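Engineer: attaching a predicted model along with its sequence, questions to come.
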Amino acid sequence: MAIDERTTSQEAQRRRTGPNTRDGETVVRKVLLYAALVAVALLFIGPLYWLFSSALKEPGDIYQYPPHWVPLRPHVENFANAWQAAPFGNFFMNSLIVTAGGAAIKLVNATLTAYAFVFLRFPFKNVLFLVMLGALMVPNNVTLIVNYITVSNLGWINTYLGLIIPSAGSIFGMFLLRQYMMTLPRDIIEAAKVDGAGHIRTLWQVVLPMCKPMLVTVAIIAIVDMWNDFIWPLIVTNTVEMRTLPIGLLYLRTTEGYSNWGAIMAGTVMVALPMLILFLFAQRHIVRGLTGGAVKG
Amino acid sequence: MTVSQTVQTSTTPLEGTSLTSHSTASPPSSIGGDAGARGAADRTVTRRRRRRHSREYLLFLVLVSPNLLLIGTFEYWPVIYNAYLSLTRWNMLSGVPVWVGLDNYQSLLTSSSFHTVMYNTLLFTGTVVIGSVVIGLALAVLFNQKVRGRGFVRTVAFAPHIVSGAAVATLWLFIFNPDYGLSRFVLNQVGLSSPRWVSDSDWALASLIIVFLWKGIGFVAIVYLAGLQSLPEDVYEAAKLDGARAWTTFRRITLPLLSPVTFFVLVITIIGTFQAYDMIAVMTGGGPGNATTTLSWYIYEQGFQASDAGRAAASAMILFVILLIVTGLQTKYAQRKVHYQ
């Protein structure tokens, strides 16, 4: 991450300014720092370890006190049990469709809108941009009831359209991409125009390739948002078969009661793992997208 | 998350938007000395330019309208219609909304259960905000030290932030299991016994706060870390030359310089707590009793369980106004502090 380089240069400078602390003091400081770091690591790894180990524990091992820490014989049946207790196949399929469809439309919207605002003329377009950006101020608590009414008037309750379309508009992604496009070198775009490229070709062949890092960021943020969304899928679907994974997990817990925690933890792993894997591969993009602009002010 | 970036609207200036508008502003070429011919040439150029303009306007509309339509329909229209619904009585199932004026607001503001809801909201949001700022900043300072392994710890601390709230809540429900949960083990190690967490109305809200902080604190820490690393170094050099102690430097220099970041954290954390439907649904369902019914959960309950659209809409308006006030204050103070640098 970019953060790293910055700190190292700061530290190099600090080291250069000279050793004005005594050695004993630095050792104590080091020990305390490492202790704090280990404590923080445990605080976050502990629960995650608990999740994955419980998902693999036999029923007998789960209800043990003091707990058995390592599932010596991994009990993968927990996953099968969860899959049988609730239609996880449907949940996965629904989550995939909603996430892929929603993120794709969001990305297209973000790109087209950002391009238009940066490279095309339109009367009062800055005002229009602010109006669109202003929608960030509307919390979803306020849109919940009316969107439900709108979607039910459209006949979209319990459909993929109803799940996807209300969140298919892009505001923050559009904003990120617009800021990024404004930093692109002008002469390259002008050159494309001189070569006779129209706007669509300029967008497709010149602007998009240059925006790749930001496009990935916007896409990943959209994927995480759609995959994890809870309250909208909860109200807009009304049969088990149409639920997405997070709602399915709630369903599993209520059908299983508190009786089979192994299966419930296995279900939880199925909901959490895809995003954890995505995070491992795209950490840089996720961090940049989510903290983007946070410290600009 | 989509709503959480409100700060950008206030902190990022809209510079450089009209980049293309100058490209065609070159003066029309006038070859002939004849004034009349030049006028005619001018006119053709203007006409051609106008035609080009209108084509560009059209393309602009084609590219922007899908997004604009979606935002209009699913972001702005709800605000207007929700405001109207808050002045009516309607069961959402049949018939039409009946105008009742300010009745919903009056009955909300005078009902003791709504007072409990507001109290829960204040307690939940307030504690989470304070916890986020204090712990988040402490973690950021730790991550900013030169210790091996900090990158790894930063990653694991951030990870829960992108996991579904429903999954995190389900995991913690098991951790909080008073008989077999991890929390019992940890508390027993230090000689305490486990409370009954989510099923005890004295502990249910505390459970939610703990889980919310666990999920979100890594994100806050990264935001603060980026803030710490963008601070001007010369100020610190000067402080060192003046012989300022570390704590004084932190309190007098770091904290004030970080205040824009703190305001950002404040706003996104407040908005975040308003979106905690998944955690409440999985862990407590607003209970026991109404011990964990926050304002946003109350909106859901009134709208989709009690089918009282008017009351739900009025509660949503109250939440909206609170959020507008907070964001307004944030904008005002953040702007003032920015000039400070």
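Structural biologist: All right, it came through fine.
Engineer: any idea of the pLDDT on residue B:46?
Structural biologist: Residue B:46 is assigned 69 on the pLDDT scale.
Engineer: same thing with residue B:231?
Structural biologist: With respect to pLDDT, residue B:231 scores 89.
Engineer: is it true that it touches residue B:257?
Structural biologist: Yes. Residue B:231 lies in contact with residue B:257 (CB atoms under 8 Å); the separation is 5.4 Å. In short, each C-beta sits where N, CA and C put it, glycine included.
Engineer: domain map for chain A?
Structural biologist: A:22-77, A:86-256 (automatic domain parsing).
Engineer: those: lowest mean pLDDT?
Structural biologist: The weakest mean pLDDT among those belongs to domain A:22-77, with a mean of 88.
Engineer: what's the closest of the domains of chain A to chain B?
Structural biologist: domain A:86-256 (3.2 Å; CB to the nearest CB).
Engineer: for chain B, which segments count as strands?
Structural biologist: Counting by DSSP state E, chain B has strands at residues B:88-89, B:98-99.
Engineer: tell me the strands beside the last one, with direction?
Structural biologist: According to DSSP bridges, the neighbouring strands of strand B:98-99, each with its direction, are strand B:88-89 (antiparallel).
Engineer: now do the partner strand, average pLDDT.
Structural biologist: Mean predicted lDDT for strand B:88-89 stands at 95.
Engineer: other residues contacting it?
Structural biologist: Contacts to strand B:88-89, defined as CB atoms under 8 Å, 6 or more residues apart in numbering or on different chains, come from residues B:97, B:98, B:99, B:100, B:103, B:104, B:308, B:309, B:310, B:313.
Engineer: with stretch B:147-159 instead?
Structural biologist: By CB under 8 Å, 6+ apart, the list of residues contacting stretch B:147-159 reads A:1, A:4, A:30, A:33-34, A:37, A:40-41, A:44-45, A:48, A:276, A:279, A:283, A:287, B:139, B:142-143, B:217-219, B:221-222, B:225.
Engineer: now do the helix or strand hosting residue A:106: which elements does it pack against?
Structural biologist: Counting by DSSP states H and E, the element that carries residue A:106 is helix A:88-119. When contacts are defined as 3 or more CB pairs under 8 Å, 6 or more residues apart in numbering or on different chains; DSSP states H and E, helix A:88-119 packs onto helix A:125-134, helix A:160-164, helix A:172-181, helix A:212-228, helix A:245-256, helix A:261-291, helix B:35-71.
Engineer: shaky segments in chain B?
Structural biologist: Counting by pLDDT under 70, chain B shows low-confidence ranges at B:1-49, B:334-341.
Engineer: domain map for it?
Structural biologist: Chain B breaks down by automatic domain parsing into domains covering B:37-75, B:107-340.
Engineer: residue A:247 and residue A:235 touch, don't they?
Structural biologist: No. Residue A:247 lies out of contact with residue A:235 (CB under 8 Å); the separation is 9.8 Å.
Engineer: winner for burial among the strands of chain B?
Structural biologist: Mean neighbour counts were compared across these using mean count of other CB atoms under 10 Å in any protein chain shown; the top stretch is strand B:88-89, at a mean of 17.
Engineer: what is the neighbour count of the residue in the stretch 51-200 of chain B positioned nearest to chain A?
Structural biologist: The stretch 51-200 of chain B approaches chain A most closely through residue B:70 (3.2 Å), counting by CB to the nearest CB. Residue B:70 sits with 21 neighbouring residues when counted by other CB atoms under 10 Å in any protein chain shown.
Engineer: name the SS class of the residue lying closest to it once chain neighbours are set aside, please.
Structural biologist: Nearest non-adjacent residue to residue B:70, counting by CB to CB, 6 or more residues apart in numbering or on different chains: residue A:169, 3.2 Å away. Going by DSSP: H, G, I helix; E, B strand; the rest coil, the secondary structure assigned to residue A:169 is coil.
Engineer: neighbour count: residue A:247 and residue A:235, which is higher?
Structural biologist: Using other CB under 10 Å, the more surrounded residue of residue A:247 and residue A:235 is residue A:247, with 26 against 20.
Engineer: what about residue B:134, neighbour count?
Structural biologist: 12.
Engineer: next one: residue B:130
Structural biologist: Around residue B:130 there are 12 residues (other CB under 10 Å).
Engineer: from residue A:254, how far off is it?
Structural biologist: 33 Å (CB to CB, to the nearest Å).
Engineer: one more: residue B:307?
Structural biologist: Taken as CB to CB, the span from residue B:307 to residue A:254 is 21 Å.
Engineer: same deal with residue B:50?
Structural biologist: Taken as CB to CB, the span from residue B:50 to residue A:254 is 64 Å.
Engineer: which outside residues touch stretch A:30-40?
Structural biologist: B:139, B:142, B:145, B:147, B:149, B:150, B:153, B:157.
Engineer: can you tell me the closest non-neighbouring residue to the first one?
Structural biologist: Once flanking residues are discounted, residue B:139 sits nearest to residue B:221: 3.7 Å by CB to CB, 6+ apart.
Engineer: what sits against the one you found?
Structural biologist: By CB under 8 Å, 6+ apart, the contact list for residue B:221 reads B:135, B:136, B:137, B:139, B:140, B:143, B:154, B:157, B:158.
Engineer: go again using 7 Å as the cut-off
Structural biologist: B:136, B:139, B:140, B:143, B:157 (CB atoms under 7 Å, 6 or more residues apart in numbering or on different chains).
Engineer: circling back: now, of the domains of chain B, which is deepest in the fold?
Structural biologist: domain B:107-340 (a mean of 19).
Engineer: how far does stretch A:218-227 sit from the chain's center?
Structural biologist: 5 Å (CA atoms, centre = their mean, to the nearest Å).
Engineer: ok, now stretch A:72-91?
Structural biologist: For stretch A:72-91, the distance to the chain centre is 25 Å (CA atoms, centre = their mean).
Engineer: in it, what's buried?
Structural biologist: Residues of stretch A:72-91 classed as buried by neighbour count (16 or more other CB atoms under 10 Å in any protein chain shown): A:75, A:78, A:79, A:81, A:82, A:83, A:85, A:86, A:87, A:88, A:90, A:91.
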